[in-house]
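*Asks:* For reference, the sequence and a predicted model appear below.
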Amino acid sequence: MANVSDNCDISVVIPLYNKAAEIERTLRSVLSQSLPPREIIVVDDGSTDGSAEIVERIGDNRVTLIRQENRGVSAARNRAIATAKGRWVALLDGDDVWMEDYLKTVADMIARWPDCGAYGVRVLIDDGRNQTASSAPATDGIVDFFAESMKGYVLIASATTINRDVVLELGGFPEGMRMGEDQYLWTKIARKAPIAFHSQPKVIYSRAATNRSAASYTPEKSNFSLEDLYDPAQSDISNEYVARVALGKALIESAKGGTGAAKRALKFFAYNKLSHRIARKVRLLNALPAAWRPSILALYNHMAWLIARKGL
């Protein structure tokens, strides 16, 4: 087994868009890591609230700030990954927080399972009042990504470190996609290389943060689609995972008025055998007046979160 010190070639990538209330706390959680990263790259994606200026005021020479016009989180991440010098890239959103031994934990995982395409760590989900551990694999090591992801969370962006060469070979994150862009890349990585997981929480994921991308919907203008990932030559469970992601996305699209997009997803992903419940929810929302849908879905999600938090 390699020494941990031989596997610290980790670049940290933070896409930033209007996170003035959170970015300093996020960035300081990286700067205080017990095992420092090789570099920290923040790509400001056209913020208008002074977020980039907060990064500048921190004034740490380990941080590189790149500014670009607003092109979306995938474009921001891809630019940072292309710039990164590390073999490994640790992703972190501008409103989440790492515990101080997060990078050490990741480096230990790399040392133990060096041939993985990605490394995931369990998170604590912060809803503004309570912190609840995510539903995730209970043991450490190489996991069946698709089977486990049908039951819980294996890869969440702020708790995922990726092999830079693998990601560049796969084309990076799908630019223009507004929902499901993370899962799009996770699918491609998991079909190519093993995925390792650490079962103890080392990241605090904020559900209460401002400007969460999933909180708003506008029609996508992208050359990429989750439909692209359906491949009959791949395992049934990987195609089931793609369907589940797409139907979850269709729920949000329907709630925000994207009736046509939701109908298309229902038709294309009708092959699924394990996500009928989600498909029924999409059909139900689509049958309701568009004005009712956001509040109904929000109420359902709130109740589901309360039940999940209680472990039921």
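*Replies:* Done, it's in.

*Asks:* Please make it C-alpha for all contacts and neighbour counts, starting now.
*Replies:* Fine.

*Asks:* where does the stretch 1-150 of the chain dip in pLDDT?
*Replies:* Within the stretch 1-150 of the chain, the segments meeting pLDDT under 70 span 1-7.

*Asks:* could you redo the last one with a cut-off of 80?
*Replies:* 1-8 (pLDDT under 80).

*Asks:* quick one: the strands in it?
*Replies:* Assigned by DSSP state E, counting those that start in this stretch, the stretch 1-150 of the chain shows strands spanning 10-16, 39-45, 63-68, 88-91, 97-98, 118-126, 131-133, 141-143.

*Asks:* Let me have the ones you listed in TSV, extended by distance to residue 291 and mean neighbour count.
*Replies:* Formatted as TSV, those follow (distance: least, Cα to Cα, whole Å; neighbours: other Cα atoms under 10 Å):
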stretch	distance to residue 291	mean neighbour count
strand 10-16	31	26
strand 39-45	31	24
strand 63-68	35	16
strand 88-91	36	26
strand 97-98	35	26
strand 118-126	29	24
strand 131-133	32	18
strand 141-143	42	16
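
*Asks:* Out of those strands, flag the one nearest residue 25.
*Replies:* strand 97-98 (7.2 Å; Cα to Cα).

*Asks:* thinking again about what came up before, quick one, which of the strands of the stretch 1-150 of the chain is nearest to residue 283?
*Replies:* Set against residue 283 and scored by Cα to Cα, the strands of the stretch 1-150 of the chain come closest in strand 118-126, at 28.9 Å.

*Asks:* Show me what that closest one is packed up against.
*Replies:* helix 102-112, strand 131-133, strand 160-163, strand 195-206 (3 or more Cα pairs under 8 Å, 6 or more residues apart in numbering; DSSP states H and E).

*Asks:* hang on, the earlier thing: what would the strands of the stretch 1-150 of the chain look like in TSV with distance to residue 53?
*Replies:* Below are the strands of the stretch 1-150 of the chain laid out as TSV (distance: least, Cα to Cα, whole Å):
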stretch	distance to residue 53
strand 10-16	11
strand 39-45	10
strand 63-68	10
strand 88-91	21
strand 97-98	20
strand 118-126	26
strand 131-133	30
strand 141-143	40
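
*Asks:* Indicate which one of those is closest to residue 247.
*Replies:* In terms of Cα to Cα, the element of the strands of the stretch 1-150 of the chain nearest to residue 247 is strand 118-126, at 22.6 Å.

*Asks:* And for the closest one, what's in contact with it?
*Replies:* Residues outside strand 118-126 that contact it (Cα atoms under 8 Å, 6 or more residues apart in numbering) are 106, 109-110, 131-134, 136, 153-156, 159-163, 189-190, 194-208.

*Asks:* Indicate each strand paired with that strand and its parallel or antiparallel sense.
*Replies:* In the sheet, strand 118-126 lines up against strand 131-133 (antiparallel), strand 160-163 (antiparallel), strand 195-206 (parallel) (DSSP bridges).

*Asks:* hmm, back to that, using a markdown table, lay out the helices and strands packed on strand 118-126 together with distance to residue 68.
*Replies:* Below are those laid out as a markdown table (distance: least, Cα to Cα, whole Å):
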| stretch | distance to residue 68 |
| --- | --- |
| helix 102-112 | 27 |
| strand 131-133 | 34 |
| strand 160-163 | 23 |
| strand 195-206 | 25 |
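
*Asks:* circling back: please pick the buried ones from the contacts of strand 118-126.
*Replies:* 106, 109-110, 131-134, 136, 153-156, 159-163, 189-190, 194-206 (16 or more other Cα atoms under 10 Å).

*Asks:* closest one to residue 248 among the strands of the stretch 1-150 of the chain?
*Replies:* If we rank the strands of the stretch 1-150 of the chain by Cα to Cα, the stretch that ends up nearest is strand 118-126, at 19.0 Å.

*Asks:* ok and that closest one relative to helix 102-112, angle-wise?
*Replies:* For strand 118-126 against helix 102-112, the angle by axes from the mean of the first three to the mean of the last three Cα atoms, to 10 degrees is 150 degrees.

*Asks:* who's in contact with the residue positioned nearest the centre of the chain?
*Replies:* The chain has residue 157 as the residue nearest its centroid, 3.1 Å off, counting by Cα atoms, centre = their mean. By Cα under 8 Å, 6+ apart, residue 157 lies in contact with 91-93, 182.
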